[in-house]
Each structure stands twice: as structure tokens, then as C-alpha cells.
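>>> Need coordinates for the below:
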Amino acid sequence: MSYNNLSEPFPRQIWNITTLHELHLRDASLNGIIPSTIENLSNLQWLELSSNQLNGPIPSTIGNLSNLIILSLSSNKLNGPIPSTIGNLTNLITLSLSSNKLNGELPSSICNLTSLDVLLLSNNSLEGTIPQCFQNFQSLLIFHLNANHFSGLIPSIFIKGCSLISINLSGNKLQGSLPKSLINCKSLKGLDVGNNRILDKFPFWMEALPQLRVLVLKSNKFDGNMSLPSQSYLSFPKLQVLDISRNASGGSLPQRYFKNFKAMMDVKANYEDMNFVAHVEMTMTLSYIILEAELLFYFTVRNRDEDFFFSSQ
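Residues are numbered from 1 along each chain as shown. Purely as a prediction, here's the structure:
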């Protein structure tokens with residue numbers, strides 16, 4: 001029933017369909033709260049309620065839907081903390097709660113969701129530190145916590161065999177340096193840590209990441225001489241977007257970068273790769289507009305070989 005104009009709260013009869021496996025009500029003009037009786041749908045595997053006008057808290061009874069694989073509540077007006085019962089959903093591979101009004105710290109029970117492929121918590125008012133336990137999420141592909149109030153250090157959670165494709169931590173209050181364990185993420189295509197309080201040297205060590213296409217470090221406290229010699233034979237071989245504006249780096253821009261940025265210059269390669277970098281604009285600073293990962297998060301479940309959209313949203 002997605003993409004309709006229902007303009008009403010949930011019909012009560014839905015909660016009586018206890019054999020239901022999937023419920024799709026994306027962008028259906030729903031309003032009101034998510035009722036606690038949602039727990040009646042005990043066989044539900046996919047709950048899609050994003051892009052509506054739902055408000056109020058996420059009911060704690062959602063933790064009783066133990067068969068859930070995909071939970072998408074993004075782009076609503078949900079408020080309050082993420083309930084601790086979310087940790088009961090140990091079969092989840094997609095959790096999308098972005099673009100709401102959620103607040104408070106992440107519940108410690110989120111550490112139980114080790115099967116996640118996609119974690120989207122962007123554009124909320126979440127705070128506290130990023131849990132160290134995310135290093136146990138070995139199948140995680142998309143990790144977006146941007147536009148919140150997270151503080152402290154970026155933990156060194158990127159272990160060998162890291163499968164991450166997209167990391168977005170921009171628009172928080174993160175401090176310290178970039179963890180060098182990011183070098184373990186050989187499949188990484190997008191990293192955005194812009195608009196934080198990171199104090200570090202320019203990460204030359206990231207030059208060797210073979211798939212990196214988007215690197216955004218803007219509006220931090222990166223300093224040091226960018227013209228230092230490189231340890232890599234081929235620097236940033238697939239990079240298409242580099243934003244280092246509003247930092248404290250000095251020296252001249254490395255000439256080797258402009259020689260090696262083949263992916264920025266190859267029109268054919270860029271055309272074939274449009275499903276990742278949707279649009280690049282030159283303004284006073286280098287900026288980018290990229291389609292939302294939420295629209296294609298289900299591709300993560302079905303096809304790990306697909307390219308995924310990197311999102312700053």
C-alpha cells in the first residue's frame with residue numbers, strides 16, 4: 001500500500017493479520033503514532049513505514065517482532081530515545097531510523113544486532129559516544145550516523161576483513177584523529193567526516209584504499225604539509241570527490257594527486273559509474289549531491305556486488 005494518500009492513522013484491522021510477513025506503507029500519508037499493538041504481527045519480517053507523518057515514540061513492543069529482517073521508519077517525526085528492546089531484533093539486516101527527531105544515547109542493546117548490513121541513523125538528535133561494539137558488526141556495509149550530536153573519539157572499530165562500503169559521520173562533535181584501522185576497509189567507497197572537530201594530519205595513509213571514490217574532510221582541524229612525499233605508487237586510484245576545505249593544512253597541493261586522479265578525468269568511467277556519484281558541482285568549495293542510500297538499501301540485502309549510493313543526507 002505504499003505511495004498512496006491514506007491520510008489517516010493506521011487502520012486497526014491491520015494488527016489482526018497475525019500471519020503477515022511484510023507490511024509496506026512507505027510514503028502513504030499516514031499520521032499518528034505507531035501503536036503498541038504492532039507486536040501482534042509476530043511473523044513480520046519486513047516493516048516499511050518510512051516517509052510518512054508518524055509521530056510519538058517508537059513503541060518498546062517493536063522488540064517483540066523477533067522475526068524482523070528489515071525495519072525502516074525513516075523520514076517521519078518520531079521522537080524520544082531508541083527503545084532498548086531494539087536489541088531483541090537479532091535477525092535484523094537493515095535498520096533505518098534516519099530523518100526523525102530521535103534523541104538520547106544509543107541503547108547498549110544495539111550491540112546485539114551483529115547481523116546488520118545497513119545502519120542508518122542520520123538526521124536525528126542522538127548523542128553520546130559511538131559504541132566500540134560496532135567492531136563486531138562484520139557484515140556491515142553502510143554505516144551512517146551523520147547529522148547528530150555524537151561526541152568523543154571515532155573508535156577504532158574497523159577490523160581486518162571490514163566490509164564497509166559507505167561511512168558517513170559528518171555533522172557531529174567528534175574529536176581526536178581518524179583511526180588508521182580504516183585501512184582495513186578495502187571495499188570502502190565513501191567516507192565523510194566533515195563538520196566535526198577532528199584534529200589530525202592529512203591522512204596520506206588512505207591513498208592506498210583501492211575503491212575510495214568520495215573523501216570529505218571539510219570543516220575540521222586537519223593540518224600539516226600536504227606536499228609531503230607519498231608512500232603509495234598510485235595515490236587514490238578511483239577518487240572522484242575530494243573536499244578538504246576549511247581546515248588548517250599547509251604547503252602546496254601535491255602534483256601527484258592531479259596526475260593520478262584518473263577517475264575525475266575519465267568521462268567514460270564517470271558515466272558508467274553514475275549509480276554511485278550522482279552529481280558533482282563546483283562552487284566556492286568542492287561539494288557534492290548524492291542520492292539517498294535509503295532508496296536502495298534493500299539492494300544490500302539482495303546483491304552484495306552492486307554499487308551503493310553514498311549519502312550525505
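
>>> Name the nearest residue to the residue positioned nearest the centre of the chain, sequence neighbours excluded.
The centroid of the chain falls nearest to H144 when counting by CA atoms, centre = their mean (2.0 Å). Leaving aside its chain neighbours, H144 sits nearest to N168 (4.3 Å; criterion: CB to CB, 6 or more residues apart in numbering). Where you see a C-beta, it was placed from the backbone N, CA and C, and this is true even at glycine.

>>> Tell me what that neighbour is bridged to.
N168 has the following beta-bridge partners by DSSP bridges: H144, D192.

>>> my guess is it meets N123, correct?
No: counting by CB atoms under 8 Å, N168 does not reach N123; the two are 10.7 Å apart.

>>> Identify the contacts common to those two.
Here N168 and N123 have N146 as joint contacts, going by CB atoms under 8 Å, 6 or more residues apart in numbering.

>>> Of those two, which one has the most company?
The neighbour comparison of N168 against N123 (other CB atoms under 10 Å) goes to N168, with 26 against 20.

>>> The stretch 151-300 of the chain: strands as residue ranges?
For the stretch 151-300 of the chain, the strands defined by DSSP state E, counting those that start in this stretch occupy 166-168, 173-175, 190-192, 199-201, 214-216, 221-225, 241-243, 248-250, 279-282, 286-289.

>>> What are the buried residues along the longest one?
I take that to be strand 221-225. Buried residues in strand 221-225, counting neighbours by 16 or more other CB atoms under 10 Å, are found at F222.

>>> Sheet partners, orientation included, of that strand?
Sheet pairing for strand 221-225, using DSSP bridges, gives strand 199-201 (parallel), strand 248-250 (parallel).

>>> rewinding a little: could you report the distance from the residue nearest to the centre of the chain to L121?
7 Å (CB to CB, to the nearest Å).

>>> joint contacts of these two?
Common neighbours of H144 and L121, using CB under 8 Å, 6+ apart, are S98.

>>> For E48, grab the count of nearby residues.
Residues near E48, counting by other CB under 10 Å: 22.

>>> For it, give the beta-bridge partners.
On the basis of DSSP bridges, E48 is bridged to H24, S72.

>>> what sits against it?
2, 22-26, 70, 72.

>>> For ChimeraX, write the select line for the buried members of these.
To isolate the buried subset of these in ChimeraX, counting by 16+ other CB under 10 Å, use the following:
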select :23,25,26,70,72
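
>>> now, which of the contacts of E48 sits nearest I93?
I93 lies nearest to I70 out of the contacts of E48, by CB to CB, at 6.8 Å.

>>> For the closest one, give its distance to L25.
For I70, the distance to L25 - CB to CB - is 13 Å.

>>> do the same with L242
From L242 to L25 the distance is 40 Å (CB to CB).

>>> Okay, domains of this protein per the record?
1-103, 117-265 (automatic domain parsing).

>>> and S109, which of the ones you listed is closest to it?
So among those, domain 1-103 is nearest, using CB to CB, at 2.4 Å.

>>> related to what we said a few turns ago, check the strands of the stretch 151-300 of the chain for me and report the most buried one.
Across the strands of the stretch 151-300 of the chain, averaging neighbours per residue (mean count of other CB atoms under 10 Å) puts strand 190-192 on top, at a mean of 27.

>>> before we move on, the earlier item: would you turn the strands of the stretch 151-300 of the chain into a markdown table with distance to F150 and mean pLDDT?
Output for the strands of the stretch 151-300 of the chain, formatted as a markdown table (distance: least, CB to CB, whole Å; pLDDT from 0 to 100):
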| stretch | distance to F150 | mean pLDDT |
| --- | --- | --- |
| strand 166-168 | 12 | 93 |
| strand 173-175 | 6 | 97 |
| strand 190-192 | 14 | 93 |
| strand 199-201 | 16 | 92 |
| strand 214-216 | 17 | 91 |
| strand 221-225 | 17 | 84 |
| strand 241-243 | 20 | 85 |
| strand 248-250 | 23 | 74 |
| strand 279-282 | 27 | 32 |
| strand 286-289 | 22 | 32 |
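
>>> Secondary structure class of I38, three-state.
Classification of I38 by DSSP: H, G, I helix; E, B strand; the rest coil places it in helix.

>>> how about the helices of this protein, start to end?
Secondary structure of the chain (DSSP state H): helices at 255-260, 262-265, 267-272, 297-302.

>>> Average pLDDT for the third one, rounded please.
Regarding helix 267-272, the rounded mean pLDDT is 51.

>>> for stretch 103-111, same thing?
Stretch 103-111 comes out at a mean pLDDT of 97.

>>> Contacts for that stretch, please.
For stretch 103-111, contacts defined as CB under 8 Å, 6+ apart pick out 79-88, 121, 124-128, 131, 133-134, 136.

>>> now with 10 Å?
63, 79-90, 95, 116, 119, 121, 124-134, 136-137, 145, 148-150 (CB atoms under 10 Å, 6 or more residues apart in numbering).

>>> If you count neighbours, what's buried in stretch 86-105?
Going by neighbour count (16+ other CB under 10 Å), the buried part of stretch 86-105 is 86-89, 92-100, 102.
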